[in-house]
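>>> just to be clear, the model below is a prediction. Sequence and coordinates:
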Amino acid sequence: GAGVFSGSRVWVEANGLRLTFGNQDGAIRGAGTAMGYAGGCGVGYDGGYLCGDTAGLLGVSQGQASTVTITNPGFGDNEPMARLDYTFGSTRVALSHSRIGATELGIRSTFDAITVALGYSNDSNGAAAGGFDVWTVSAHYDGGSWGVGAIVADIGPNTNWSISGNVDLGGGNLYGYVGEVTSNSTYGLSYSYGLGGGASVVVGAEHNSGGAGNTVGS
């Protein structure tokens, strides 16, 4: 049935352990990827539209929303959930469980300039949809003025991947990626230039070979 709940969340925290209830990201987006949001979304000012650099994770992982109306439980974001996070040193372990029964696990750790992460979901679209299990592994190297990352996501019959990189250039930062999602090639490029005072100019474009209209710019 349909339902509506508040976009807020509540939590308790002590000694590196945090328990959160309500509208929030799940364990994969919170700790199961080594870089970006859900492993990517690095193109454009608002974090990308196609987000091909997430290797498909954005569409199958638990996520928050500011206004939550549940009309078809089991598809996409907007499911209230409980999430447990434990942080020790540079390592975070997260476990989340949504109202529809899907469970996610995420582990992320940083060793000097290298960050590695592992994520798992037992149901990519929720119990109501009978989705596939999801496995993902990713790594990112932060070289200061440059960086490079890679992510692989096994989603049902598809093994998706993306390789991304960024470099300081001309007073700004250039970011790009190439990859494959559900057997379609995808790539994106973005440049951000700071104007000072918190203002920036950002241009970006992404493409997915999956069909007409799958090229976007901002």
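That came in fine, so what should we check first?
>>> what packs against the host helix or strand of residue 136?
Using DSSP states H and E, the element containing residue 136 is strand 134-142. Applying 3 or more C-beta pairs under 8 Å, 6 or more residues apart in numbering; DSSP states H and E, we find strand 134-142 packed against strand 114-121, strand 146-155. Every C-beta, even on glycine, is put in place using the N, C-alpha and C of the backbone.
>>> of all those, which lies closest to residue 45?
For the helices and strands packed on strand 134-142, proximity to residue 45 was assessed by C-beta to C-beta; strand 146-155 is nearest, at 19.2 Å.
>>> contact partners of the helix or strand that comes right after the closest one?
Downstream of strand 146-155, the first helix or strand assigned by DSSP H and E is strand 158-169. Strand 158-169 is contacted from outside by 35-36, 39-40, 42, 52-56, 145-154, 173-183, 186, 191, using C-beta atoms under 8 Å, 6 or more residues apart in numbering.
>>> which SSE is immediately downstream of strand 158-169?
Assigned by DSSP H and E, the successor of strand 158-169 is strand 172-181.
>>> that next one pairs with which strands?
strand 158-169 (antiparallel), strand 184-196 (antiparallel) (DSSP bridges).
>>> for residue 83, list each beta-bridge partner.
Beta-bridge partners of residue 83, as defined by DSSP bridges: residue 20, residue 96.
>>> spit out the contact partners of it.
Applying C-beta under 8 Å, 6+ apart, the residues contacting residue 83 are 19-20, 24-27, 30, 94-97.
>>> at 10 Å instead, please
9, 11, 18-22, 24-27, 30-31, 62, 94-98, 104, 106 (C-beta atoms under 10 Å, 6 or more residues apart in numbering).
>>> filter these down to the buried ones.
18, 20, 22, 24-27, 30-31, 62, 94-98, 104, 106 (16 or more other C-beta atoms under 10 Å).
>>> next, format the helices and strands packed on strand 134-142 as a markdown table and append mean pLDDT, mean neighbour count and distance to residue 165.
Formatted as a markdown table, those follow (pLDDT from 0 to 100; neighbours: other C-beta atoms under 10 Å; distance: least, C-beta to C-beta, whole Å):
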| stretch | mean pLDDT | mean neighbour count | distance to residue 165 |
| --- | --- | --- | --- |
| strand 114-121 | 97 | 21 | 15 |
| strand 146-155 | 97 | 21 | 5 |
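>>> got CSV for these, with distance to residue 88 too?
Conversion of the helices and strands packed on strand 134-142 to CSV gives the following (distance: least, C-beta to C-beta, whole Å):
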stretch, distance to residue 88
strand 114-121, 15
strand 146-155, 24
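>>> from residue 195, how far out is the residue nearest the centre of the chain?
In the chain, the residue lying closest to the centroid (C-alpha atoms, centre = their mean) is residue 38, at 0.8 Å. Counting by C-beta to C-beta, to the nearest Å, the gap from residue 38 to residue 195 is 28 Å.
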